[in-house]
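# The following block contains a protein sequence and its predicted model.
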Amino acid sequence: MTGTVVPDPTIDPPRRGATRGLGSRVGASVIDQALSTGTNLFITLFAARFLDLEGFGAFSVAYLISATAGGVCRSALGSTALVFQDDVAEDDGHALLGGALGTGLATSGLLVALGIAVGGALGAPLLVLALVMPGLLLQDAARLIEFALLRPGRALALDVIWAVALAIGLVATSVFWDITPAVLVAVWGGSGTISAAWALWTHGRRIPRPTIRWYQRTWSFGWRYLVVFVSTLGVFQVTTLILGGLVGVTAVGAVRATQVLFGPIQNLATGLMVAFVPELTGDTDLRAQRGRVLFVSGLLAGVAVAILVVGLLLPTTLGEAILGRSWPEARALILPAGFSAMLFGVTSGAVVGLRAARAVSESMIVGLQISGFQFAIPVVGALLGDEQGYMWSLVLTWIIGAALWWRCYRQVERASSLPAT
């Protein structure tokens, strides 16, 4: 399937009730993502506060691998749920859950092999991550099912369970065990698995068996979404890991500690994506969507600027209270991290608009165009200037990326307004 897909209202009519309660659904989606952001931010801050820089670096590598694996699964499998809502409703998302479970088990096998091969301080967190990865992918798939069916309140309930379980687990860890990277991965991932189990039980879904049915049904879109992820955010995760190889694991810890401050931007962008894409998909008038697309970019860029100002003014004592021993190295990277976060926010509106328009081929082309810049420029920056060079190189890649994404969105918008021939 190629070209921009502009839905024909005679073929793909708006879903009944889809226009009612938009504000409340978007609000619930944003609250849910804020909670998800807070959960991930809290565990990262907890790790930064109680682990030394090497331990935090090891935890950060495991966390980045988890994020990369989760992003791959969501791109090729889960994101399609947001534009194939009727297919999700057909079997209440069971095919999607089966695909997530199969992907999680396959990923676990790779993580076991990697953990054994790496060994040392990083090996144990990777082996623990292998145990919890199926649950993490199931939990994310369950959330996306609820968003696709315009039931964000149920997705919010799943993240509340995760947050409560995580809080209890961290308290128990502080009392009964030594705090290590492997233990923190177990507590974080185990809490997500509890949430996934609750989703299966409360919504009457039997335990899914691994299956490729959802991949088969949506692969024409899924593989293109996967290419977009790998060529944008996936490349960023890989270059961060390369930074660890070139400069050292402490550099990864410093970069990750800085990015913790701007973590809410990434998570809020995800929340707006899952909130707006199902609502906008099926609307043939892309020009009418422009206000919502610009709202996404403006909100995210504004939040990034606010966090940047707070970070620059943060006293040393408070910075150390938040990030622990990672603060001195992280403070030097706040300014480029803030510019990158702001440019990411500017870009996100165009990405949401293209996803809602089902312009998957155009998005894939842009992702491929940007991927070379996003890989080569930061690696060169790391070689020439360590983590400082790496972070400022990221700013340059986001400038290029923002220009290309918005140019693509405007082209799709203009094409949608042309009369059919």
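Structure received.

# For the rest of this, base every contact and every neighbour count on C-alpha atoms.
Will do.

# for residue 392, what are its contacts?
The contact partners of residue 392, taken as C-alpha atoms under 8 Å, 6 or more residues apart in numbering, are 336, 337, 381.

# Of those, which belong to helices?
The helices, defined by DSSP state H, take in 336, 337, 381 from these.

# just wondering, since we're on residue 222, how far is it from residue 360?
Applying C-alpha to C-alpha, to the nearest Å, the value for residue 222 to residue 360 is 9 Å.

# among the contacts of residue 392, which ones are buried?
Among the contacts of residue 392, those classed as buried by 16 or more other C-alpha atoms under 10 Å are 336, 337, 381.

# Tell me the pLDDT of the last one.
Read it as residue 381. Looking at residue 381, its pLDDT is 88.

# Excluding chain neighbours, what is closest to residue 57?
Excluding the flanking residues, the one nearest residue 57 by C-alpha to C-alpha, 6 or more residues apart in numbering is residue 253, at 4.1 Å.

# now for the strand or helix carrying the one you found, which elements pack on it?
Assigning secondary structure by DSSP states H and E places residue 253 in helix 249-261. For helix 249-261, the elements it packs on are helix 22-50, helix 53-73, helix 235-246, helix 327-331, helix 334-356, helix 360-417, judged by 3 or more C-alpha pairs under 8 Å, 6 or more residues apart in numbering; DSSP states H and E.

# If you count neighbours, what's buried in stretch 200-208?
Across stretch 200-208, burial judged by 16+ other C-alpha under 10 Å covers 200, 208.

# average pLDDT across stretch 145-161?
Mean pLDDT, stretch 145-161: 88.

# what residues does that stretch touch?
18, 25, 28-29, 31-32, 35-36, 81-85, 88-89, 92-93, 139, 142-144, 194-196, 198-199, 274-275, 278.

# In that stretch, which residues are buried?
Residues of stretch 145-161 classed as buried: 145-161 (neighbour count, 16+ other C-alpha under 10 Å).

# How about the contacts made by residue 75?
The neighbours of residue 75, taking C-alpha under 8 Å, 6+ apart as the test, are 222, 223, 225, 226, 229.

# What of residue 69?
The contact partners of residue 69, by C-alpha under 8 Å, 6+ apart, come to residue 107.

# Could you report the pLDDT at it?
Looking at residue 69, its pLDDT reads 86.

# For this structure, give me the ranges with low pLDDT.
1-25, 204-205, 234, 282-288, 417-421 (pLDDT under 70).

# still on that earlier bit, pick the most deeply packed of the helices and strands packed on helix 249-261.
Among those, helix 334-356 has the highest mean neighbour count (mean count of other C-alpha atoms under 10 Å), at a mean of 25.
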